[in-house]
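>>> Here is a sequence with its predicted model. Questions after.
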Amino acid sequence: MWRYANPVAIHWGDDWTPLLRSLLPPGQGLLISHPQFQVASAAGLLEGVPAYSGIETNPTPGQVQQAIDAARPIRPDWILAVGGGSVLDTAKIVRLALACGRFDIRELLQSEPAEAGARLPLLIAVPTTHGTGAELTMWTTVWDRESGRKLSLSHPRNYPDIAAYCPPLTYGLPLSVSIATTLDALAHALESLWNRNGNPVSDELALAAVSSIFTSLELLADPVPPAARKELLRASMFAGLAFANTRTAAAHSISYPLTLRLGIPHGIACAMTLPALWRINAPRMPAKAERLRRLLGGEDMSTALERKLHFVSTRVPFTLSAYGAGPADLEALARESRTKGRMENNLVELDQADVLAILAAIL
Ligand SMILES: [Fe+2]
């Protein structure tokens, strides 16, 4: 028995102004965007719309609280969120806070916002990176660096209403962010494949995403061809649709302390363990491994993955020691790697000794 569903309406347009014009409803709006988003590029469509752009990468509870506080007096009918995963995640939680009238982020994260049955402001999520898939999921990640904990809010009312894709919005993405977010999408797709919640729909979406990413990853060099951006945005969307249903698994679970403790960008932290996790999980899914081999032109996935990640390692730091970790840190990183709702999705069960061995191999 299986089920696949995603309630987010998908819009795609190669031209930003007509796309935006087709999406914006009447009523009071609020723009939540990355600081570098050019409002001027919206051809006057956002004139007079209050804007908030104080969100940093991997937002803390304090930063999300500031966004909630800024949005509260505006009482928007709709929210347009334009940015990467941190911006989109923040917009999702702001929208939920407004709908259920809980304006304290700590209280919101600790409670089940069942009363979010109240009318939600319409949320239009526009990703400007090709990786996080936050525009298609019902969860939000908040990073509590003080306590070293990743906090998460997951609720069916947390899905955006609309995901709007416009490839030219990704053209200016710096190379390091482009690589990291592409690797995040790759991890979403692979983790959706070696996932206990997988189903035939998520499998097909994930296979398409892996194949597209492998075709375009090595085109991430200055300047990135627009066609590659478009392909990677499409791959990120497919990967997002896949893991929005299955959730992620061991690579994401292991990645969280790497990001919290060592500051490793999310996508990089997720991708470092993919080769080891492929070797562990592949024997449990021979039909999917064979499909991937055929999609990769006959090359074994393990070899292809190592080759792609070698390309990555010549462009961004790709070992734990490059981010300041030493052998003495591995024990604590392994201990903190078990994220509830992620690790247990992995096809093969991993214990702490397994994780320690995986981390030692990427030191
Ligand atoms: Fe991710």
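Structure received.
>>> any idea how far Ser53 is from Pro265?
As for Pro265, its distance to Ser53 is 20 Å (criterion: Cβ to Cβ, to the nearest Å). In this view, the C-beta of every residue, glycine as well, is placed from N, C-alpha and C.
>>> quick one: which of the two has more around it?
Counted by other Cβ atoms under 10 Å, Pro265 and Ser53 do not tie: Pro265 has more neighbours, with 23 against 17.
>>> Now the more buried one. Nearest residue, chain neighbours left out?
Of all residues not flanking Pro265 in the chain, Ala180 sits nearest, at 4.3 Å (Cβ to Cβ, 6 or more residues apart in numbering).
>>> Which pLDDT value belongs to the one you found?
The model reports Ala180 with a pLDDT of 97.
>>> Please apply the same query to Cys100.
So, for Cys100, pLDDT stands at 85.
>>> Show me where the protein dips below the pLDDT cut-off.
112-118 (pLDDT under 70).
>>> Specify the local secondary structure of the residue nearest to Pro265.
helix (DSSP: H, G, I helix; E, B strand; the rest coil).
>>> Likewise for Ala206?
From three-state DSSP, the assignment for Ala206 is helix.
>>> so who does it touch?
Going by Cβ atoms under 8 Å, 6 or more residues apart in numbering, Ala206 touches His188, Ala189, Leu190, Ser192, Leu193, Gly198, Phe238, Ala239, Ala242, Phe243.
>>> picking that back up, hmm, the residue nearest to Pro265 is touching Gly131, no?
Yes. Taking Cβ atoms under 8 Å as the definition, Ala180 is a contact partner of Gly131 at 7.2 Å.
>>> neighbour-wise, which of the two wins?
Using other Cβ under 10 Å, the more surrounded residue of Ala180 and Gly131 is Gly131, with 32 against 26.
>>> what's near enough to touch Ala322?
So Ala322 contacts nothing (Cβ under 8 Å, 6+ apart).
>>> quick one: it from Leu262, how far?
Ala322 is 9 Å from Leu262, by Cβ to Cβ.
>>> Please apply the same query to Leu232.
26 Å.
>>> With neighbour numbers in mind, choose between those two.
When Leu232 and Leu262 are compared for neighbours, Leu232 comes out ahead with 29 against 16, by other Cβ under 10 Å.
>>> these two touch, right, the more buried one and Ser212?
Yes. In this structure, Leu232 is within contact of Ser212 by Cβ under 8 Å, at 7.2 Å.
>>> Can I get stretch 14-30 as PDB, trimmed to CA atoms?
Only the C-alpha atoms of stretch 14-30 are listed here, as PDB (Å, rounded to 0.1, in the frame of the first residue of the first chain):
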ATOM      1  CA  ASP A  14      11.100  31.900 -18.000                       C
ATOM      2  CA  ASP A  15      10.100  35.600 -17.800                       C
ATOM      3  CA  TRP A  16       9.800  37.000 -14.200                       C
ATOM      4  CA  THR A  17       7.500  39.900 -14.800                       C
ATOM      5  CA  PRO A  18       4.600  38.100 -16.500                       C
ATOM      6  CA  LEU A  19       5.000  35.200 -14.100                       C
ATOM      7  CA  LEU A  20       4.700  37.400 -11.100                       C
ATOM      8  CA  ARG A  21       1.800  39.300 -12.600                       C
ATOM      9  CA  SER A  22      -0.100  36.100 -13.100                       C
ATOM     10  CA  LEU A  23       0.500  35.100  -9.500                       C
ATOM     11  CA  LEU A  24      -0.100  38.100  -7.300                       C
ATOM     12  CA  PRO A  25      -3.600  38.200  -5.900                       C
ATOM     13  CA  PRO A  26      -5.400  41.400  -4.700                       C
ATOM     14  CA  GLY A  27      -5.200  42.500  -1.100                       C
ATOM     15  CA  GLN A  28      -2.500  43.400   1.300                       C
ATOM     16  CA  GLY A  29       0.800  41.800   0.400                       C
ATOM     17  CA  LEU A  30       4.100  41.100   2.200                       C
END
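>>> outside of it, which residues touch it?
Residues external to stretch 14-30 that are found in contact with it (Cβ under 8 Å, 6+ apart): 11-13, 41-43, 45-46, 49-52, 71, 74-80, 121-122, 124, 162, 164, 166-169, 230.
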